[in-house]
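Peer 1: okay, here's the prediction I keep looking at, along with the sequence it came from:
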Amino acid sequence: SAVISQKPSRDICQRGTSLTIQCQVDSQVTMMFWYRQQPGQSLTLIATANQGSEATYESGFVIDKFPISRPNLTFSTLTVSNMSPEDSSIYLCSVGGTGTGGTQYFGPGTRLLVL
Amino acid sequence: GENVEQHPSTLSVQEGDSAVIKCTYSDSASNYFPWYKQELGKGPQLIIDIRSNVGEKKDQRIAVTLNKTAKHFSLHITETQPEDSAVYFCAAHSPRRNNRLAFGKGNQVVVIP
């Protein structure tokens, strides 16, 4: 499986600011995803990060709030914009391939607290 | 869309006993079912998975069984150890969801020494 790292691992931010989270994979992957995990909850898919084109967002998530970049097959960023306390969550990136039939591997997550 | 339900929500077992977590899914086209273990402060870790052409898969103390007719699959952990204490998530993949996984709500397993 791929080795996935995320930066930062955790952060405490002030309301109204923005934070960019980085996801780095040690090998080229076809699919990269961003998830949110609110405290004590399951994983909710925010968007699929597409290499060289705009991300595909799930219902309830918009590009203005969660802009995503994916400049190549090993790297992606998620920005949480104009943060409020409700954005306090764990943000996870995951990777998979079109040939894996659904298999996804997760990074360690970024723990965000918004005051 | 796919609806994945997971039962029970919490499970406490004595060390050495077995633990079983069951998940049901709604989309009959689902063909891949992974299980993830999430320890405190970490990301979910894939521990075992099964595809729809197989009824059972085992890896040491962990096994997964699939009943396609009833649309449910279960995680079995035998000879539980304290390090098995974690939150376990099941998920289902359907070709209709374009490589996206639908997750259950998670199950907190506590192994009592």
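Peer 2: On my side now, so go ahead.
Peer 1: CA atoms for contacts and neighbours, from now on please.
Peer 2: OK.
Peer 1: partner residues bridging the residue nearest to the spatial centre of chain A?
Peer 2: Among the residues of chain A, the one closest to the centroid is A:Trp34, at 3.2 Å (CA atoms, centre = their mean). Beta-bridge pairing for A:Trp34 (DSSP bridges): A:Ala47, A:Cys93.
Peer 1: do B:Thr65 as well
Peer 2: Assessed by DSSP bridges, B:Thr65 has beta-bridge partners B:Glu56, B:Ser74.
Peer 1: report the contact partners of it.
Peer 2: In this structure, B:Thr65 makes contact with B:Ile50, B:Gly55, B:Glu56, B:Lys57, B:Phe73, B:Ser74, B:Leu75, judged by CA atoms under 8 Å, 6 or more residues apart in numbering or on different chains.
Peer 1: filter the residues you listed down to the buried ones.
Peer 2: Those of these that meet the buried threshold are B:Ile50, B:Glu56, B:Phe73, B:Ser74, B:Leu75, by 16 or more other CA atoms under 10 Å in any protein chain shown.
Peer 1: isn't the second one right up against B:Ile62?
Peer 2: No - using CA atoms under 8 Å, B:Glu56 and B:Ile62 do not qualify as a contacting pair, with a distance of 10.9 Å.
Peer 1: and whichever residue of chain B sits closest to chain A, which of the three is it?
Peer 2: When distances are taken as CA to the nearest CA, chain B reaches nearest to chain A at B:Gly43, 4.2 Å away. Using DSSP: H, G, I helix; E, B strand; the rest coil, the secondary structure recorded for B:Gly43 is coil.
Peer 1: give the burial count for the residue nearest to it when sequence neighbours are not counted, as a bare number.
Peer 2: In space, and not counting its chain neighbours, B:Gly43 is closest to A:Pro108: 4.2 Å by CA to CA, 6 or more residues apart in numbering or on different chains. Counted with other CA atoms under 10 Å in any protein chain shown, residues neighbouring A:Pro108 total 24.
Peer 1: okay, now the sheet partners of the strand or helix carrying A:Leu112, with direction.
Peer 2: Secondary structure assignment for A:Leu112, by DSSP states H and E: strand A:110-114. Here strand A:110-114 has these sheet partners by DSSP bridges: strand A:10-13 (parallel), strand A:89-96 (antiparallel).
Peer 1: name the residues of the longest one that are buried.
Peer 2: Within strand A:89-96, the residues scored as buried using 16+ other CA under 10 Å are A:Ser89, A:Ile90, A:Tyr91, A:Leu92, A:Cys93, A:Ser94, A:Val95, A:Gly96.
Peer 1: any chance of those in a markdown table, plus pLDDT and distance to B:Lys22?
Peer 2: Converted to a markdown table, these look like this (pLDDT from 0 to 100; distance: CA to CA, whole Å):
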| residue | pLDDT | distance to B:Lys22 |
| --- | --- | --- |
| A:Ser89 | 97 | 27 |
| A:Ile90 | 97 | 25 |
| A:Tyr91 | 98 | 26 |
| A:Leu92 | 98 | 25 |
| A:Cys93 | 97 | 26 |
| A:Ser94 | 96 | 24 |
| A:Val95 | 94 | 26 |
| A:Gly96 | 86 | 25 |
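Peer 1: how about the residues of chain A that lie near chain B?
Peer 2: Proximity of chain A to chain B (CA under 8 Å from any CA of the partner chain) is limited to residues A:41-43, A:92, A:98, A:101-109.
Peer 1: buried subset of those, written for PyMOL?
Peer 2: Filtering the residues of chain A next to chain B down to the buried ones (16+ other CA under 10 Å) takes a single PyMOL command:
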select buried, chain A and resi 42+43+92+101+102+103+104+105+106+107+108+109
